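*Asks:* Prediction below, plus the sequence it came from.
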Amino acid sequence: MASGRAELERQLQTLRTTLDSAETESARLQCRLQLQQIELELQNRALQEAQAELQAARARYAELASANEALRARIAEYERTEERLRQFAAVVDNTSESILVVDQDGRLLTVNPAFSLCTGYSAGEAVGQSLELLCAGREDKGFYRCLLKRLRRKGGWQGELWVRRKNGDAFPVWASISAVTDAQGRIASYACVFSDITAIKRTEAELSQMAYHDALTGLANRFVFATQLDNAIAHAKRHCHRVALLYLDLDRFKAVNDTLGHEYGDRMLRTVANRLRRCVRAEDTVSRLGGDEFAIILTEIHYREDAARLARKIMRNIEQPIQVRGQRFTTSTSIGIGMYPDDATDRNALLRVADAAMYAAKQGGRCRYHFATCR
């Protein structure tokens, strides 16, 4: 387009020179006509160029308008994302659960206020530190290797962990750990949310204590007694051992309750329970069956005399004075002894013969032991 326009302008200049030197009117008229034609052509080409430029400008305007619209959409999306991030940050900052993010090397990248409140570490103290800062040492290294493998394979994990506070105290937490990936799907960091479950653990322990132990003495209750006796009999049957069941009843306990009151009676029961614990081995079971009745399961007994020796030891300990609020009083116990498999071969039968032997001891004058009659 530019080269053709230059050629026309060159022709136009030549015709103007020719017009000036033309000698006849006819020649001058011919030059003027040619000049007009070239000028019209130049104007036409200028108009075409202007139209082309206008069209290009319109196209550029449309392009810019589209880009501007896309930019506005992106800005709006950024604003929405920023608002969501602000909302998320508010949730993270105000949640009661501890939140932390660590990189692949196990270094803390960020923590929330609840984390600082729970562990005692401020964000400035924690960020940049190794995750070992929080390890209480309750889990072995193999556990963490398996945990890391699971996170890489599954992308998440939930379970119980132990965390160490700044003051050195260890406490249990329920943790949820998730892998955070980048735009290429590669793991970039790990986010962990955990809650202190100390109170839950304490409640579980209290419920377990209530479910399996006597509330007054802390000894095993009837349920645990029955389970332990079944297990002891099954073990003795497999290994050809004996089991001794000592059934104890305190002598004249009702008189203590009636004359001194339940406070003294309860103190007596707790004292007796503690003395029974000290008389037996760690593997033996001491239980309170109710009222002033106790039972002791002796495992891996070879001779009847082993049970008799323990019965005498128990009676000596029970006879020691008990002091409550400055007042001393004494009690004694009658003990019935049943032997597996000599006297019975199942729990209920063994309990019956031991109970009968205990009543025989009472009838014989109290403060003594009596073996069940052998079959």
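*Replies:* Good, I have the coordinates. Note that the structure is predicted; figures quoted are calculated from it, not measured.

*Asks:* Could you use CA atoms for every contact and neighbour count after this?
*Replies:* Will do.

*Asks:* so where's this structure shaky on pLDDT?
*Replies:* 1-4, 19, 22-23, 141, 374-375 (pLDDT under 70).

*Asks:* How is it partitioned into domains?
*Replies:* 2-73, 96-201, 213-371 (automatic domain parsing).

*Asks:* and those domains, which is most packed in?
*Replies:* Mean neighbour counts were compared across the domains of the chain using mean count of other CA atoms under 10 Å; the top stretch is domain 213-371, at a mean of 18.

*Asks:* Over to that one now: how far is its first residue from its last?
*Replies:* 28 Å (CA to CA, to the nearest Å).

*Asks:* Numbering from 47 from now on, please.
*Replies:* That works, and once the first residue is 47, the last one we named lands at domain 259-417.

*Asks:* re the thing from before, redo the domains of the chain as CSV? Include distance to residue 133.
*Replies:* Output for the domains of the chain, formatted as CSV (distance: least, CA to CA, whole Å):
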stretch, distance to residue 133
domain 48-119, 21
domain 142-247, 14
domain 259-417, 49
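
*Asks:* how about the ones you listed, which one is nearest residue 127?
*Replies:* Nearest to residue 127, of all these, is domain 48-119, at 12.1 Å by CA to CA.

*Asks:* pretty sure residue 276 contacts residue 394?
*Replies:* No: counting by CA atoms under 8 Å, residue 394 is not a contact partner of residue 276; they are 9.5 Å apart.

*Asks:* C-alpha coordinates for the helix or strand hosting residue 304, CSV please?
*Replies:* Assigned by DSSP states H and E, residue 304 falls within helix 299-306. Provided in CSV are the C-alpha atoms of helix 299-306 (Å, rounded to 0.1, in the frame of the first residue of the first chain):
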residue,chain,number,x,y,z
PHE,A,299,-18.8,-56.4,110.7
LYS,A,300,-22.5,-55.6,111.2
ALA,A,301,-21.9,-54.7,114.8
VAL,A,302,-19.3,-52.1,113.8
ASN,A,303,-21.8,-50.5,111.3
ASP,A,304,-24.6,-50.6,113.8
THR,A,305,-22.7,-49.2,116.8
LEU,A,306,-20.1,-46.9,115.2
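
*Asks:* And the next helix or strand past it?
*Replies:* helix 308-325.

*Asks:* for that next one, packing partners?
*Replies:* Packing contacts for helix 308-325, counted by 3 or more CA pairs under 8 Å, 6 or more residues apart in numbering; DSSP states H and E, involve helix 299-306, helix 350-364, strand 368-370.

*Asks:* okay, those in JSON lines with distance to residue 384 next?
*Replies:* JSON lines is the format used below for the helices and strands packed on helix 308-325 (distance: least, CA to CA, whole Å):
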{"stretch": "helix 299-306", "distance to residue 384": "23"}
{"stretch": "helix 350-364", "distance to residue 384": "9"}
{"stretch": "strand 368-370", "distance to residue 384": "29"}
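
*Asks:* who wins for proximity to residue 139 among those?
*Replies:* strand 368-370 (55.1 Å).

*Asks:* Name the strands paired with that closest one and say parallel or antiparallel.
*Replies:* Strand pairing for strand 368-370, using DSSP bridges, gives strand 373-375 (antiparallel).

*Asks:* next SSE after the strand it pairs with?
*Replies:* strand 378-386.

*Asks:* partners of that next one in the sheet?
*Replies:* Using DSSP bridges, the strands paired with strand 378-386 are strand 288-297 (antiparallel), strand 415-417 (parallel).

*Asks:* Dump these into JSON lines; add distance to residue 161 as well.
*Replies:* Shown next, in JSON lines, are those (distance: least, CA to CA, whole Å):
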{"stretch": "strand 288-297", "distance to residue 161": "53"}
{"stretch": "strand 415-417", "distance to residue 161": "61"}
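
*Asks:* Dig out what residue 342 forms beta bridges with.
*Replies:* residue 292, residue 332.

*Asks:* Surely it and residue 333 touch.
*Replies:* Yes: with contacts counted by CA under 8 Å, residue 342 reaches residue 333, the gap being 6.4 Å.

*Asks:* does residue 297 have beta-bridge partners, and which?
*Replies:* Under the criterion used (DSSP bridges), residue 297 bridges to residue 378.
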